[in-house]
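# Sharing a model prediction with you, sequence too.
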Amino acid sequence: MEIAETVRKSSIFSNLGDDEVAKVLNITREIRFHEGDIIMQEGDQGDTMYMVLDGEVEVSKSLTMKFGDDDYRKTEKVLTHFSAKDHVIFGEMALIGQDSRSASIIAKTDCVLLEIKRDDFMRMVESKAELGVKVLLNLAELLVTRLRQSSKDVTRLTTALSIALSK
């Protein structure tokens, strides 16, 4: 499938015209990772967003677990997997915020990713206002959706914890 069509299937670029997708593609580059490569590390500073063109990645978070009275250990918890067919982007918060990465992403297979750097994204948004507004609104909608899901997850987990602790 042509890269432009793949990009258009991503939620933040879904309502763009052909010319607008071409402008987005002008600020991207293909980057390859081998199976097992760390694409991004939780806690590191980030300035890039990615879309999977080929392959599969794994999303994980570092957790501290208690195994005994004074036995606390860090462990990685796999949260989800993304593949090219999902048309999912990740690292999107780095385009608008300069905070650290919220999760680690590891190549589960050899991967080809489409990369967008924050500086290039911001130049595009500033120089092409109409396109920038469309993409930023789509990005805001994606972040709201993910925030709502996180809120539901936290509610579900705190409810389960409350029930477990009350026994």
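Noted; the coordinates are in hand.
# so where's this protein shaky on pLDDT?
Applying pLDDT under 70 to the chain picks out residues 1.
# Pick out the residue nearest the middle of it.
Nearest to the mean C-alpha position of the chain, by CA atoms, centre = their mean, lies F90 at 1.5 Å.
# Who does that one form a beta bridge with?
Beta-bridge pairing of F90 under DSSP bridges involves Y50.
# what sits against it?
With contact taken as CB atoms under 8 Å, 6 or more residues apart in numbering, F90 is in contact with M40, M49, Y50, V57, V59, F82, I105. The C-beta positions use only the backbone N, C-alpha and C, and glycine is treated the same way.
# Okay, strands next: where are they in this protein?
Assigned by DSSP state E, the strands in the chain fall at 28-33, 38-40, 48-54, 56-68, 71-83, 89-90, 104-107, 111-117.
# Switch those strands over to a markdown table; also include distance to E20.
Shown next, in a markdown table, are those (distance: least, CB to CB, whole Å):
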| stretch | distance to E20 |
| --- | --- |
| strand 28-33 | 13 |
| strand 38-40 | 27 |
| strand 48-54 | 16 |
| strand 56-68 | 26 |
| strand 71-83 | 24 |
| strand 89-90 | 16 |
| strand 104-107 | 27 |
| strand 111-117 | 14 |
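# Figure out which of these is closest to I12.
Minimum separation from I12 across these (CB to CB) falls at strand 89-90, 6.3 Å.
# buried stuff in stretch 126-134?
Across stretch 126-134, burial judged by 16 or more other CB atoms under 10 Å covers L131, G132, K134.
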